[in-house]
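A.B. asks: The following block contains a protein sequence and its predicted model.
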Amino acid sequence: MQKKGRIVCDVAVVGAGAAGLTAALSLPDSFSVAVFAKRAFDYSASMRAQGGMAAAVGEGDAVAKHAADTVASGAGLCDEAAVADLLADGEAAAKWLEEKGVLFNRENKKWQLAREGGHGERRILHIDDRTGAALTGALLKAARAKKNITLREPWMAVNLSLHEGGCRGLYALDLRGREVFAADARFVVLASGGAAQAYLYSTAPENATGDGIAMAYRAGCEIADMEFTQFHPTCLYHPSARAFLISEAMRGEGAKLINKSGARFMEGAHPQAELAPRDVVALAIDAEMKASGADCVFLEHSARPAAFWRRRFPGIVEFCAKLGFAIPKDPLPVVPASHYSCGGIVTDARGKTNVPGLYAAGEVASTGLHGANRLASNSLLECVVMGRRAGAQIANENRKAQPQMPPWDERRITASGEAVTVAHNWEELRRVMWNYVGIVRSGARLRRARRRIALIRGEIEDYYRRFAVDRDFLELRNLAQCAELIVEGALARRESRGLHQITDFPKPRANARGTVLSRKMFAAKANAANRRCPFSGDEIVAGALAEYKGKWVGFCNPECRDLFAHAAKNGFANADDCILAARGKLDEETVAEKQCG
C-alpha cells in the first residue's frame, strides 16, 4: 500500500536478483511484499552469472564431496557445519527453480553438468553460458504473476529504521520522483549484492556498491570477513569491454592460460593448474604479469573445435567475435578484476541477523559458506537456498507490526550544486582501493588507504547532512563505508590466507578465525585509551579491542587482544615478560587518559 510519502507492507526486500526474488516468492500469499530495485530489474549481478549453480546431483557425486571442495577453496576459514547444512539443500533448490520455470540444460533427460575451478566433480547446473539471466528472468516472471508482490524500480534504499533495537522498515528514494518515502515493514530482507565496485576495475554491475552491507552496519549488524574480495582471474582485457567476464567453465572444458610468449604457467602454480581455486589462479596471473611486465595474459582454446565453443558458450563467443576475436583461433587477453564480496552481514542458517526483524541473503550476507575464497558457482546456490530459508523463517515468525516510522526530514537540506565533489571522491576512492588494497597488499599501503578513506568519508558525511540525496551520492556513501570495513579487516588479519595476501605476513597462522566488525567496535576504537598496540607498536584496529580497568584498550590484531585478555583474566599470574611489558604500557596510557580527562 502506498500513500503520500509512505509505503506499508509486511516484508520489504532490498534487491531484485536471485536472492531477493527467491525470498519474495518463498513468502505466503497472505504477506504483502515490496521488492526494491535501484536500476532496471534485469540489471543485477545474478543476471550476469555465466557459469551456473553448483549442486551435488550427478552420479558418483555427494554433498560430502561438494563440501570438501568448498572447505578446501575457503582456505581454512569456512564454517564446516554451515557448509554441509547449506549444500545439502542443493538438489531441492534446483528442483524448486525448475518448478518456477528455470530449465537447466539436459542430456538424455538428465541434468547436463559442467566442471569449474576447485570442483573435483562435474556438478555445475547451467543454461548454456547465460545461466544467471535465464534463472533470474524466470524468477522475475514468477514474481510479476504474484498479486501479493509489488515490484518497484527504480527505487533505492537509503537507510534502515530502528525501534527499540529492532528493524521497523526503511527509507527508500523514488529515483524518478526524487522523493524519499518511509517504508513501514514488519520484516526487511537485504539482498542487494556485494561491494565489488569499490575497486577501479570490476566485473560486477554498477549496482554492486555495498548498499545493504553499509545500511546493516549503520543499524548495528555484525559484519564479517570483508577483507576477502574475490578477484575473478579472467576478465576480458579490451578497452571496449572492461567488465566482461570470461567464464571459469571455459577452463573446465579445456581452455588454458598462457603468457605473452605462449607458455603455460599454471602447471607450476597448483596441482589442478587452470582448475585451481580462483584465489590461486588470480594470484598466479598477477605474479606472471608483474614478472614479465605484460598488461595481461591470454586464454587459449585449442583443446576443442570451434563448433564446441559456439554450442557450449554462445554468448561469450558472440561477444568476443564483435571485438574481433575468433575462438579458438585467437587467444583472449585476460586480467583479474574485482568480482565478489566473500564477507558481509553475519546471519544464522535461516538468514537472520543480530537485529530483530532484519534478514540478509545472497552476496550481501556472510553465512560461513565461502570462508577466505568462494568456490565457483556456489554463489547462485547460496542465493536460492538462503532466499528460500529467509522466506520460510519470516512466514513462521510471529512479529507484530512496529510503530510507524517518522517521515523523512529534509527541512534543513538544500539541493546540491556540488556534483563534482561526488564524482571526484568516487574516482579517488576506487583508485585508492585498487592501488593499495588489491590482490597483494602491504601494511604500509593499507594504512595509507585507511587515512585517505577516512578523509573521503568525512567529506561524504558532511555532504549527507547538508544536501538532498541522489543515487550517485548514496552509492558513494555506501561504498566508502564498505571500503573502510575492507581495510580495517585487512589490517586486523596479520597473515596471508585465501584472497587476503599481505607481504608483511606471507604465511597463514595456525589458528584461522573470522574477522567480525561492528559500529560499536569502531566507536570503542575511537574512545580507546591507547592508539597503538602495546605489543607491536602498530596502530590499533576496530576488530581487536578489550576492556581493561574500565577502559577500552586496543591491539593490532585479535591474537594480541586474546593473549592479553587471557593473562588479565588470570591476574597476570605467570605471565611472560612480553605481556607484563604490554600491561605496563597500557597502565601508563589509562593513567594519562584519566589525567587529561
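C.D. replies: Yep, that arrived.

A.B. asks: now the helices for the stretch 201-350 of the chain?
C.D. replies: Applying DSSP state H, counting those that start in this stretch to the stretch 201-350 of the chain gives helices spanning 211-218, 249-252, 278-292, 306-312, 314-322.

A.B. asks: between the ones you listed, which gets nearest to residue 51?
C.D. replies: Residue 51 sits nearest to helix 249-252 of all the helices of the stretch 201-350 of the chain, at 4.6 Å, using Cβ to Cβ. Yep, even glycine has a C-beta here, placed from its N, CA and C like the rest.

A.B. asks: What residues of the closest one count as buried?
C.D. replies: For helix 249-252, a neighbour-count test (16 or more other Cβ atoms under 10 Å) marks 249, 250, 251, 252 as buried.

A.B. asks: pretty sure the first one is touching residue 130, no?
C.D. replies: The one in question is residue 249. No: with contacts counted by Cβ atoms under 8 Å, residue 249 stays clear of residue 130, the gap being 11.7 Å.

A.B. asks: Return every residue with contacts to both of those two.
C.D. replies: residue 50 (Cβ atoms under 8 Å, 6 or more residues apart in numbering).

A.B. asks: among the helices of the stretch 201-350 of the chain, which is nearest residue 347?
C.D. replies: Smallest distance to residue 347 across these (Cβ to Cβ): 9.9 Å, for helix 211-218.

A.B. asks: JSON lines please, covering the helices of the stretch 201-350 of the chain and showing distance to residue 71 and mean pLDDT.
C.D. replies: Formatted as JSON lines, these follow (distance: least, Cβ to Cβ, whole Å; pLDDT from 0 to 100):
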{"stretch": "helix 211-218", "distance to residue 71": "24", "mean pLDDT": "98"}
{"stretch": "helix 249-252", "distance to residue 71": "20", "mean pLDDT": "93"}
{"stretch": "helix 278-292", "distance to residue 71": "14", "mean pLDDT": "93"}
{"stretch": "helix 306-312", "distance to residue 71": "29", "mean pLDDT": "96"}
{"stretch": "helix 314-322", "distance to residue 71": "30", "mean pLDDT": "96"}
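
A.B. asks: can I get the ones you listed in JSON lines with distance to residue 544?
C.D. replies: Converted to JSON lines, the helices of the stretch 201-350 of the chain look like this (distance: least, Cβ to Cβ, whole Å):
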{"stretch": "helix 211-218", "distance to residue 544": "18"}
{"stretch": "helix 249-252", "distance to residue 544": "39"}
{"stretch": "helix 278-292", "distance to residue 544": "24"}
{"stretch": "helix 306-312", "distance to residue 544": "48"}
{"stretch": "helix 314-322", "distance to residue 544": "44"}
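
A.B. asks: Please identify the deepest-packed of the ones you listed.
C.D. replies: Of all these, helix 211-218 carries the top mean neighbour count, a mean of 26, counting by mean count of other Cβ atoms under 10 Å.

A.B. asks: tell me what that helix is packed against?
C.D. replies: When contacts are defined as 3 or more Cβ pairs under 8 Å, 6 or more residues apart in numbering; DSSP states H and E, helix 211-218 sits against strand 6-14, strand 155-163, strand 179-190, strand 223-224, strand 344-346, strand 358-360, helix 471-492.

A.B. asks: Residues in contact with it: which ones?
C.D. replies: By Cβ under 8 Å, 6+ apart, the surrounding residues in contact with helix 211-218 are 14-15, 38, 156-157, 159-160, 170, 190-195, 223, 226, 341, 344-345, 353, 355, 358, 360, 364, 474-475, 477-479, 481-482, 485, 517-519.

A.B. asks: Can you select the buried ones from those in ChimeraX?
C.D. replies: In ChimeraX, this line selects whichever of the contacts of helix 211-218 come out buried by 16+ other Cβ under 10 Å:
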select :14,15,38,156,157,159,160,170,190,191,192,193,194,195,223,226,341,344,345,353,355,358,360,364,474,475,477,478,479,481,482,485,517,518,519
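
A.B. asks: max-length helix in this structure?
C.D. replies: Criterion DSSP state H: the longest helix present in the chain is helix 443-466.

A.B. asks: Low-confidence ranges, this protein, go.
C.D. replies: Within the chain, the segments meeting pLDDT under 70 span 1, 412, 416-417, 590-597.

A.B. asks: Surely residue 457 and residue 478 touch.
C.D. replies: No: Residue 457 lies out of contact with residue 478 (Cβ under 8 Å); the separation is 11.0 Å.

A.B. asks: Ignoring the adjacent residues along the chain, who's closest to residue 300?
C.D. replies: Once flanking residues are discounted, residue 300 sits nearest to residue 331: 4.2 Å by Cβ to Cβ, 6 or more residues apart in numbering.

A.B. asks: ok, the one you found to residue 234 distance?
C.D. replies: For residue 331, the distance to residue 234 (Cβ to Cβ, to the nearest Å) stands at 12 Å.

A.B. asks: neighbour count winner among the two?
C.D. replies: Counted by other Cβ atoms under 10 Å, residue 331 and residue 234 do not tie: residue 234 has more neighbours, with 30 against 19.

A.B. asks: what about that one, distance to residue 318?
C.D. replies: Between residue 234 and residue 318 the computed distance is 17 Å (Cβ to Cβ).
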